[in-house]
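Undergrad: with the input below, show me the fold.
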Amino acid sequence: MVSHSGLLTVMERAARKAGSKLRRDFGEVEHLQVSRKGPADFVSKADQQAERTLVEELQKARPDWGFLLEEGGEIAGDPTKPRWIIDPLDGTTNFLHGIPHFAISIAVEEPLYGGNKREVTTGLIYQPVTDESYWAEKSRGAWRHDQRLRVSARRDMADCVIATGIPFMGHGDMAQWTRIFGAVAPSIAGIRRFGAAALDLAHVASGRYDGYWESGLQPWDVAAGMLLVREAGGFVSDFRGGEQMIERREVIAGNDAIHSKLHKLVAGALR
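TA: Numbers count the residues shown, from 1 in each chain. Sure thing, here's the model as predicted:
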């Protein structure tokens, strides 16, 4: 068994506690009462309860750390300490439609020396239905349980399956996505859209997908997943090939060759 840090033990314990409740609620999904958060964007009681569970568990372990939460917004902590970035239910629409593809994402973002910048140093993505736990720590690699992860070794786009997210009512830029799709689709073996960005990135890290692009993303969607890809030997950038993924809310990911080729196609489509 590979050993991980005490911090990851805390994260996994919190994720499994929240995940067990999500599994139970998923079995009763038709009975859940839901409220509308925005066009085609639902928040379930399960989502809110999972976030409460995660916050309670993580606050017990690190009481002076702050939070950036999908549902609860920002909770201030000691600015000299790390903060948690949490999506308690990535794939909410899947969950509410009874599609068993959703996850909990937890990342730790630490202040760098000087305090002006921060970087994600630990990430965990837990899929309650399959009981798969993906985790990464900076410079320690990416793992699924105790199995080391590596990005796909494919070099030829014609052999590749690429994941993405598709804009929908009230979310995303359909015209931009259509241009990118038109550039990428003729070059590859297939495109997949499963509706959970955290799991898309976990699957790039594990070599299930060869690459990924998406825009309109939030920090809690991708913070843990981007670390997983990099620690699995992959490359992550924004659509310009830079490091502004969070600020620009866009991600391209893959191994070195596929990331480079996908970036050229995306950049060309947006010229």
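Undergrad: report how many residues lie close to residue 85.
TA: By the measure other CB atoms under 10 Å, the count of residues near residue 85 is 26. Just so you know, the C-beta spots here come from the backbone N, C-alpha and C atoms, and that holds for glycine as well.
Undergrad: so what sits opposite it in the bridge?
TA: residue 68, residue 107 (DSSP bridges).
Undergrad: just list the residues touching it, thanks.
TA: In this structure, residue 85 makes contact with 67-68, 106-109, 120, 219-220, 223-224, judged by CB atoms under 8 Å, 6 or more residues apart in numbering.
Undergrad: please apply the same query to residue 238.
TA: By CB under 8 Å, 6+ apart, the contact list for residue 238 reads 244-245, 247-248, 250-252.
Undergrad: go again with 7 Å.
TA: 244-245, 248, 250 (CB atoms under 7 Å, 6 or more residues apart in numbering).
Undergrad: ok, and the most crowded of the contacts of residue 85?
TA: Most surrounded of the contacts of residue 85: other CB under 10 Å gives residue 224, at 31 neighbours.
Undergrad: excluding chain neighbours, what is closest to it?
TA: Once flanking residues are discounted, residue 224 sits nearest to residue 123: 3.1 Å by CB to CB, 6 or more residues apart in numbering.
Undergrad: CA atoms of the helix or strand hosting the one you found as PDB?
TA: Counting by DSSP states H and E, the element that carries residue 123 is strand 118-127. Extracted in PDB, the C-alpha atoms of strand 118-127 (Å, rounded to 0.1, in the frame of the first residue of the first chain):
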ATOM      1  CA  ARG A 118      -1.400  30.500  -4.400                       C
ATOM      2  CA  GLU A 119      -1.000  27.000  -5.800                       C
ATOM      3  CA  VAL A 120      -2.900  23.800  -5.500                       C
ATOM      4  CA  THR A 121      -0.700  21.200  -3.800                       C
ATOM      5  CA  THR A 122      -3.100  18.400  -2.800                       C
ATOM      6  CA  GLY A 123      -6.200  17.100  -4.600                       C
ATOM      7  CA  LEU A 124      -8.800  14.300  -4.100                       C
ATOM      8  CA  ILE A 125     -11.600  13.300  -6.400                       C
ATOM      9  CA  TYR A 126     -14.000  10.700  -5.000                       C
ATOM     10  CA  GLN A 127     -16.700   8.900  -7.000                       C
END
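Undergrad: quick check: the gap between the residue lying closest to residue 95 once chain neighbours are set aside and residue 199.
TA: Leaving aside its sequence neighbours, residue 95 sits nearest to residue 102 (CB to CB, 6+ apart; 4.7 Å). Distance, residue 102 to residue 199, using CB to CB, to the nearest Å: 8 Å.
Undergrad: what's the answer for residue 121, then?
TA: Taking CB to CB, one finds residue 121 at 21 Å from residue 199.
Undergrad: the two: which has the busier surroundings?
TA: Ranked by neighbour count (other CB under 10 Å), residue 121 and residue 199 place residue 199 first, with 26 against 17.
Undergrad: wait, is residue 134 part of a strand?
TA: Yes: under DSSP: H, G, I helix; E, B strand; the rest coil, residue 134 sits within a strand.
Undergrad: doesn't residue 145 make contact with it?
TA: No: using CB atoms under 7 Å, residue 134 is not in contact with residue 145, being 8.6 Å away.
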